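> All I have is the shape, not the residue letters:
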């Protein structure tokens, strides 16, 4: 019966999106079609400044409340209710913008482009969750992020992802983060916003392909907990690193761990780490050699991937509008393209020299060459460090929430018998008093 | 034993009984939510199907009606179609009544020509009514479907929320105690997991590399190695070596070659390399690009572009320019006729315009690249303004009506596609003068003349400057010589304007003007020192460009419609009777040759390397020597 219901849910969620996607044009198209395609806006309508400050205040309040609920109250149900409220406020009401994830790009652009100033509210949205992460772990992911919340809502039958697969898939998020910074820094595109899979749901309209992607994420999210957060979210990558050094963070048990193993499979995100055993002498020696090789391999990987990033500049630079325009104009000028575009016609109407455009495109390609080295070098560094970290000996005596991977959702609390004891004691104390 | 286990199960905090009443309620909620979702989904799918399949058919019907409205049936077709119209399907009762009356009258008097205007008017009204009615229906249906889609989305969203709540609750009520299985050998497990993770990361690295390899193998343009000079439009040097538009490079009437013939005779065939008949008449001038000569011709029903082989005179191709089906009235006898505007080429494409407003563009093989109809211009004698090109822009000075009508404009079309790149309204009435593109300083200016303004535009259509100095019916085109723009008001004034102003320069940049011997049709020609004017009645006047001082004048016994041209230090003046008068530029008129073609000529000749191309009233001539030495 339940399986049947799952199938219905899956179909309904998929087709719900299709229903919204096939939204009609509000007004019929004009008689004289120009062939121009109306682009889907990537940002919602502008709001009054005061609302942006209210949003920033709400973000602060929700983060504070979430911290209290996760670290003090330790109640999953309350955390879930708060995440639903966040979903409606930050997702549907505010139409998913500004969000801290996308704000990475604003910050990156402002660093590399002195003419661009980040609005203060965008800066608040970018920094506030990071500051909270530094102190309380990934509170933002637990109950504030609308992208996380919408995936949590559809999570029905969580299936564990093998650790090896998780390690491999997470690389994508690093590449995505590096690419997002590269494109933002060069003023090419804000790809995080452009390829936000859930924005179509929040705005009840959007690009059809992105809608399909969103539906796919939600469908996968019914069985695999928060796939976007774990394998794609670039902001999650930053938070993972900050969460490693956070002052306070989620603990599965409110007391000493008794290693009952009841919480072992409670986390749908695979964030619970089991106690470790010491290595055998053979394993120790073997890993020591491997570690030396991997450390020596680090500069090789950084350089190789950096070169790959550099070699990718023809592809990456095409994300920049000027290079795309120059490409199009060049093809038209050399007779390789018979059809012109609105953009190329508009360029010609300016009377600018095509040689100037080519020179500009050449400069941008050179920028992407340098950016490609950094982008690729970063990816290579991440891969090399990951290989090294996976070869290090871990020492854990208790069941713990992973420092980086724990999304502070609080699902594991109820699986701990110590938690129940504590609650019972607390209830008895209240009853007595 | 079982009871004991069940009791333990129930009493365990956080655990619940799978078959409790709440569980069944949650399942029921989920089923209701699911069924409701499916029903809404069905409705929305049906709505979507209607929108994507049924509505376009209705829109096609509307399009067909619109096309039908644009087609003007002849009298017999009209009567037949009106008789076939079903009066019952019309919504306006008055129209139905009128239609029935007309239909009865047609049947009673089928040959009554007096009825035709009424029939045509009624036919148009009924067609328009039906288009409006169908258009309204389509819009109403579309809005209804949009409304249904929007409401359905919200209902679906709500029902899915109910479904999710039900399913999640049911799942919560079926929650089972975790039952950890005996752990495998942890030490081995740790090593195995670490190794697997390392392999997964390695696979990630390989995937990254392979993806990059795949992406980099795709073609791309390396601007550091690309031919930066490659353009789809000709260079200044290419233009200089050809005769790409009315009056040649820049519309100045100056030949780049000095080795052109100075002696021929059309009657004896002396120096006539070839002579080819042009299928349809036209007063437009030949244009030449390397081995191709282009002219256009038209009559009231046909408009054609002709491409001749410059070496043999063979007609390589002719192409019709179709667009407007409505006949136009132009002043044919003594006026510009049906093909006065001269075509233009950039060496890749040839574009032509006709007084019907039809613009056609062809490649050098005669392939039609695009055709546009700009609407029939309201021009007193018929549209006669020639085309100009700037890079990939086809420039059309589309002056029409009166200045108060505000319908004159300068239009720039993309030569690739014919799409309008920009258009600028002009505060002038109809005119017959052709625009020129002059390189002034480091800037290109599009210079136009009409009553009362000489206006200069940037290549993007923005106005640079304007001078109020003209009046009447402006036909002569402007030229740029000796750092000045020269414009002519027929029978009145020659004005020299300094082109470095901005805004209204009437009071600041008019260098000088003279009001003697100005032509009404032909355009001036000039160099750094002198400017020459040739009136229709045959008065040639030479003025100094510096201050407008008259240097000399000479009167011919010929009439002239073709504009004068400069070949080195010689003036070439082609009379209406086909006599070319060749004179040296000197302190006085000094005729060096007189050559007869033997055919009347209205068009201005084209001068190329060792050759002259002249269009007579019926034939196109190539004059030169077979083995003439080439000029670099």
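Great, that's in hand. Quick caveat: nothing in here was measured; it's all calculated off a predicted structure.
> When you work out contacts or count neighbours from here on, use the C-alpha atoms and nothing else.
Fine.
> can you give me the helices for the stretch 1-150 of chain A?
For the stretch 1-150 of chain A, the helices defined by DSSP state H, counting those that start in this stretch cover A:2-21, A:49-67, A:76-86, A:100-112, A:120-136, A:139-143, A:146-154.
> Next up, the contacts around residue B:526.
Applying Cα atoms under 8 Å, 6 or more residues apart in numbering or on different chains to residue B:526 gives the contacts B:252, B:479, B:481, B:532, B:545, B:566.
> follow-up on the earlier one: for the helices of the stretch 1-150 of chain A, which one sits closest to residue B:389?
Residue B:389 sits nearest to helix A:100-112 of all those, at 41.3 Å, using Cα to Cα.
> Identify all contacting residues around the closest one.
A:116-118, A:122-123, A:125-127, A:129, A:180-181, A:184-187, A:190, A:192-193, A:233-235.
> Look up the pLDDT of residue A:299 for me, please.
On pLDDT, residue A:299 comes in at 95.
> Counting neighbours, what do you get for it?
15 (other Cα atoms under 10 Å in any protein chain shown).
> give me every residue that touches it.
With Cα under 8 Å, 6+ apart, residue A:299 has these contacts: residue A:381.
> Next: residue B:305.
Applying Cα under 8 Å, 6+ apart, we find residue B:305 in contact with B:294, B:295, B:296, B:297, B:318, B:319, B:320, B:321, B:352.
> Quick check: residue B:239 is in a helix.
Yes - assessed with DSSP: H, G, I helix; E, B strand; the rest coil, residue B:239 lies in a helix.
> Please, where are all the helices along the stretch 201-350 of chain B?
B:236-240.
> Name the residue of it that lies nearest to chain A.
The nearest approach of the stretch 201-350 of chain B to chain A comes at residue B:232, 4.0 Å away (Cα to the nearest Cα).
> In the stretch 501-632 of chain B, where is pLDDT below threshold?
B:627-632 (pLDDT under 70).
> OK, now which residue of it is nearest to chain A?
Among the residues of the stretch 501-632 of chain B, residue B:502 lies nearest to chain A; the distance is 18.1 Å by Cα to the nearest Cα.
> Could you count how many residues lie near that residue?
Neighbour count of residue B:502, defined by other Cα under 10 Å: 14.
> Pretty sure it sits against residue B:464.
Yes - Residue B:502 lies in contact with residue B:464 (Cα atoms under 8 Å); the separation is 5.5 Å.
> re earlier: what's the least confident stretch among the helices of the stretch 1-150 of chain A?
helix A:2-21 (a mean of 54).
> Point out the residues in the stretch 301-433 of chain A that sit beside chain B.
Contacts of the stretch 301-433 of chain A with chain B, taken as Cα under 8 Å from any Cα of the partner chain, map to A:305, A:308-309, A:311-312, A:314-315, A:327, A:330, A:332-335, A:338-340, A:345-346, A:348-351, A:354-355, A:358-359, A:361-362, A:383, A:386-387, A:390-391, A:414, A:420.
> Quickly note the distance from residue B:432 to residue B:471.
Computed as Cα to Cα, to the nearest Å, the residue B:432 to residue B:471 distance reads 13 Å.
> do the same with residue B:233
Taking Cα to Cα, one finds residue B:233 at 35 Å from residue B:471.
> Among those two, which residue is more densely surrounded?
Taking neighbours as other Cα under 10 Å, residue B:233 and residue B:471 compare with residue B:233 leading, 21 against 16.
> Cross-check the contact I'm expecting between that one and residue B:349.
No - counting by Cα under 8 Å, residue B:233 does not reach residue B:349; the two are 9.5 Å apart.
> which residue packs closest to the residue sitting nearest the centre point of chain A, ignoring adjacent ones?
Among the residues of chain A, the one closest to the centroid is residue A:233, at 1.5 Å (Cα atoms, centre = their mean). Distances taken as Cα to Cα, 6 or more residues apart in numbering or on different chains put residue A:173 closest to residue A:233, at 5.7 Å, once the chain neighbours are dropped.
> care to break the chain down by domain?
In the absence of a named chain, this looks at chain A. A:2-22+A:48-275+A:400-432, A:281-389 (automatic domain parsing).
> Oops, wrong one, chain B.
B:21-173, B:236-624.
> what about the helices in chain B?
Counting by DSSP state H, one finds helices in chain B at the ranges B:2-11, B:21-49, B:55-70, B:75-84, B:93-108, B:116-173, B:186-216, B:236-240.
> At the contact with chain B, which residues of the stretch 51-200 of chain A appear?
Counting by Cα under 8 Å from any Cα, the stretch 51-200 of chain A comes close to chain B at A:153, A:154, A:156, A:163, A:164, A:165, A:167, A:168, A:169, A:171.
> Dump these into CSV; add neighbour count and secondary structure as well.
Shown next, in CSV, are these (neighbours: other Cα atoms under 10 Å in any protein chain shown; DSSP: H, G, I helix; E, B strand; the rest coil):
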residue, neighbour count, secondary structure
A:153, 20, helix
A:154, 25, helix
A:156, 20, coil
A:163, 16, helix
A:164, 18, helix
A:165, 16, helix
A:167, 24, helix
A:168, 22, helix
A:169, 19, helix
A:171, 23, helix
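> residue contacts, residue A:262?
A:415, A:416, B:178, B:179, B:180.
> how does it look with 10 Å?
Residue A:262 makes contact with A:399, A:412, A:414, A:415, A:416, A:417, B:177, B:178, B:179, B:180, according to Cα atoms under 10 Å, 6 or more residues apart in numbering or on different chains.
> Quick check on the fifth one: phi, psi?
Think residue A:416. For residue A:416, the backbone dihedrals (degrees, to the nearest 10) come out as phi -90, psi 120.
> Which residue, neighbours along the chain excluded, lies closest to residue B:209?
residue A:308 (7.1 Å).
> er, residue B:503 actually
residue B:465 (4.4 Å).
> Quick check: beta-bridge partners of the one you found?
Assessed by DSSP bridges, residue B:465 has beta-bridge partners residue B:456, residue B:503.
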